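K.L.:
Here's my sequence, what's the structure:
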Amino acid sequence: MSEPPMSLCIFTFSPVQSFIAEARRSEDLFNGSAILVRLAQAAAQALVNGDQGTLVSPASLGKTEDVPNVVVARLPKELAEERLTNARDALLKEWQGIAEAARREAKLTEDNMWQAIWQRQVYDCPPWQVFWVCVEENTEFKKVYEEASDRLNSLKYSRTFQQACEEGEKDSLSGKRSALHTREYKRARAYWAKMVDVLPHVLTSKIKPGGRERLDSIGLIKRFAKLSSREFPSTSTVASWDFYQLAEKKAQAELQAYREAIEKFCDTKGRKIYATRKSDSLWPYDGDLFFGETLTRQRLETNYGIEVGESELTGLKEALEKLRKATGSRPSPYYALIHLDGDGVGKKKHEFSSAEEHRAFSAKLLEFSEWVRRNVAPEQGGFLIYNGGDDILMMASLDHAIPLACQIAYEYKRTVSQTLAGKEDWLATMSAGIVIAHHLAPLSRVLETLHGAEQNAKHFMPDKWGNKDAVCVALTRRGGEAVIARSPWDELTIFNEWVQYFREEKFSASLPYLLAEDARVSPSMPAEAQRAMLRYRLTRQSAKIDSKQSRQFIEGRLDSLLKWVDSIQQKLKPSDKDGSVTHGLVEVANWLIIARFLFNGGKE
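P.N.:
Residues are numbered from 1 along each chain as shown. This next block holds a predicted model:
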């Protein structure tokens, strides 16, 4: 039986990045991503419902891959528009189902004003815009796909925005929409303060007390929807994760004693301190409690609703100090937020000559995402937020962040590059932005810095397949300017060596900063003069060892640093190479500043 006339269809919806970025806690980030995945899954399932029609991208609706917000499918021409309409309806139905489930979970006080805001934000003016195109397959696949992509782009650029009147006090996550409240409370701040105060199930782990957090309908959905059985940790827990794993191995007795000291206290409603990680029987609490600065009367009352006397507070501090001594360590106050993105994916897809080639690429992305699911885990210091094949968002502890990101980029290149090995110089790479941030830094600011780091990584020169194969790390210390460093992935073995050199005190801690000063004048110097300047600096700042051995060691480090500088310099775009923006030695000096910071565990 011959195949009926077919159409190539592309279905997508937005917003994505801005929806995820409306977050004040890591839980908001995780749930925002989970909502997008649920909507995409619902749409994709409706699109290929039954035996007529096949997915092209993603290759299948597997359990390990988070479905992207762009779905490509081949559908019978006569059914295409109906299926696409069904996909839109399924997406909106799923959204409304998630919203109502969250509403039931929250169990807040409502009236007709509250319900009017909910109706407008969830049903009448939902945040989603849906787009689709379908093109009949009456010529070669490559041309059909190009036409469909062009039509979709034109449709998105010509979209109209539905206007909604959002009056009154705005929500805390977006700052744009009306916060939910009842007529009894003219100010939303008063309404939310009352909800936290009088409703026993609304914990301060969900909403800050005193009206300091006010949620609109979207914020309520992110906070209260049960989207996963997985408990996503706070930024404080991620930052202190390496310390906790060390305590688990070396100091279980002291950890248990500290836990018992914590559990003696109740909040003003008579509840025990809330457990954020119920699945962990050893330490079910937030990592925030591993930091000494949390153990103040004000912080404990504000964050946990418990009132502690001075003598009791002293006992808590003593128990924490015993835990620290038993581990021989202190928790780092810094964590990493990481976004890895496939390079030139759109360009590559336009080169596929058949739907089978496109599906083979999607299948490799699925294979890679399964590897990510297995290897980005708490045991490796990684916490996965979104796993979309060529798009990964995650958090990681300070010690594991850069090595784990390197491992992911390598595996993507190894796996996805196998797709079309017959094509000339075929290669698939990832680039990444990494932000190292303090666990108390506002998440919105960290996300903004992450976006800038991604753009910096993508500013490297691409090859003919659009590959940049680069990483940019932004180190954002409290009270100081961000340190930005870029590099090709392959050169980060040198970076790892320098972390070890600082740990072994083979070079002084001031070396990176002196190199940064030198980098200001080095672009105008001849190559030999640059080499002489670096040799002098390395020699002066190195540990005093046997002279012959020292000279050999210095020359080896000099060669590797200059190779690294040259590798970065070759990747810079012409606008960067004149020194007006940056220079390879500036980047390397900044990498060494970051290496020293990692060795110190975030302590300056």
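
K.L.:
Roughly how far does Leu84 sit from Tyr123?
P.N.:
Look at Leu84 and Tyr123: by Cβ to Cβ, to the nearest Å, they are 21 Å apart. C-betas here are computed from N, CA, C, even on glycine.

K.L.:
Show me which of those two is the more surrounded one.
P.N.:
The residue with more neighbours, out of Leu84 and Tyr123, is Leu84; 25 against 13, by other Cβ atoms under 10 Å.

K.L.:
How about the contacts made by the more buried one?
P.N.:
9, 11, 47, 132, 134 (Cβ atoms under 8 Å, 6 or more residues apart in numbering).

K.L.:
Low-confidence regions, this structure specifically.
P.N.:
For the chain, applying pLDDT under 70 flags the ranges 1-2, 62-65, 159-164, 267-271, 419-425, 544-546, 548-549, 574-582, 603-604.

K.L.:
Next, the buried residues of the longest helix along it.
P.N.:
Longest helix in the chain by number of residues (criterion: DSSP state H): helix 80-106. Judged by neighbour count using 16 or more other Cβ atoms under 10 Å, the buried positions of helix 80-106 are 80, 83-84, 86-88, 90-92, 94-95, 98-99, 102-103, 105-106.

K.L.:
before we move on, the earlier item: in helices only, show me the contacts of Leu84.
P.N.:
Counted as lying in helices by DSSP H, out of the contacts of Leu84, are Leu47.

K.L.:
As CSV, the contacts of Leu84 with neighbour count and distance to Gln570 would be great.
P.N.:
Putting those into CSV (neighbours: other Cβ atoms under 10 Å; distance: Cβ to Cβ, whole Å) gives the following:
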residue, neighbour count, distance to Gln570
Cys9, 25, 42
Phe11, 25, 40
Leu47, 23, 44
Trp132, 23, 42
Cys134, 21, 44
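
K.L.:
Of the contacts of Leu84, which pair is most distant in space?
P.N.:
Using Cβ to Cβ, the contacts of Leu84 reach their maximum pairwise distance at Leu47 and Cys134, which is 10.8 Å.

K.L.:
which neighbours do the two share?
P.N.:
Counting by Cβ under 8 Å, 6+ apart, the residues touching both Leu47 and Cys134 are 9, 75, 84.

K.L.:
So what's the gap between the helix or strand containing Asp150 and the chain middle?
P.N.:
Here Asp150, judged by DSSP states H and E, is contained in helix 141-157. Between the centre of helix 141-157 and the centre of its host chain there is 29 Å, according to Cα atoms, centre = their mean, to the nearest Å.

K.L.:
And for stretch 13-27?
P.N.:
Counting by Cα atoms, centre = their mean, stretch 13-27 comes out at 11 Å from the chain centroid.

K.L.:
Tell me the buried residues in it?
P.N.:
Result for stretch 13-27 [16+ other Cβ under 10 Å]: buried residues 13-14, 16, 19-27.

K.L.:
before we move on, what about stretch 176-193?
P.N.:
Residues of stretch 176-193 classed as buried: 177-182, 185, 188-193 (neighbour count, 16+ other Cβ under 10 Å).

K.L.:
Identify all contacting residues around it.
P.N.:
Applying Cβ under 8 Å, 6+ apart, the contact partners of stretch 176-193 are 108-114, 117-118, 121, 166-172, 194, 207, 209-211, 213-218, 220.

K.L.:
Alpha carbons of stretch 132-150, as PDB, please.
P.N.:
Output for stretch 132-150, consisting of C-alpha atoms alone and laid out as PDB, is shown next (Å, rounded to 0.1, in the frame of the first residue of the first chain):
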ATOM      1  CA  TRP A 132       2.900  25.800  13.400                       C
ATOM      2  CA  VAL A 133       3.500  25.400   9.700                       C
ATOM      3  CA  CYS A 134       3.000  22.400   7.300                       C
ATOM      4  CA  VAL A 135       4.500  22.100   3.800                       C
ATOM      5  CA  GLU A 136       3.600  19.400   1.300                       C
ATOM      6  CA  GLU A 137       6.400  17.000   0.500                       C
ATOM      7  CA  ASN A 138       6.300  17.600  -3.300                       C
ATOM      8  CA  THR A 139      10.100  18.000  -3.700                       C
ATOM      9  CA  GLU A 140      13.300  16.900  -2.000                       C
ATOM     10  CA  PHE A 141      13.300  16.900   1.800                       C
ATOM     11  CA  LYS A 142      16.000  19.500   2.100                       C
ATOM     12  CA  LYS A 143      14.000  22.100   0.200                       C
ATOM     13  CA  VAL A 144      10.800  21.200   2.000                       C
ATOM     14  CA  TYR A 145      12.500  21.600   5.400                       C
ATOM     15  CA  GLU A 146      14.000  25.000   4.400                       C
ATOM     16  CA  GLU A 147      10.600  26.300   3.300                       C
ATOM     17  CA  ALA A 148       8.900  25.100   6.500                       C
ATOM     18  CA  SER A 149      11.600  26.800   8.600                       C
ATOM     19  CA  ASP A 150      11.400  30.000   6.700                       C
END
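
K.L.:
can you give me the offset of it from its chain's centre?
P.N.:
Taking the mean of its C-alpha atoms, stretch 132-150 sits 33 Å from the chain's own mean (Cα atoms, centre = their mean).

K.L.:
Now do the SS call for the spatially most central residue of the chain.
P.N.:
Most central residue of the chain, judged by C-alpha distance to the mean C-alpha position with Cα atoms, centre = their mean, is Leu393 at 3.5 Å. Using DSSP: H, G, I helix; E, B strand; the rest coil, the three-state assignment for Leu393 comes out as strand.

K.L.:
Offset the numbering so it begins at 56, please.
P.N.:
Noted, 56 is the first residue going forward, which turns the last one into Leu448.
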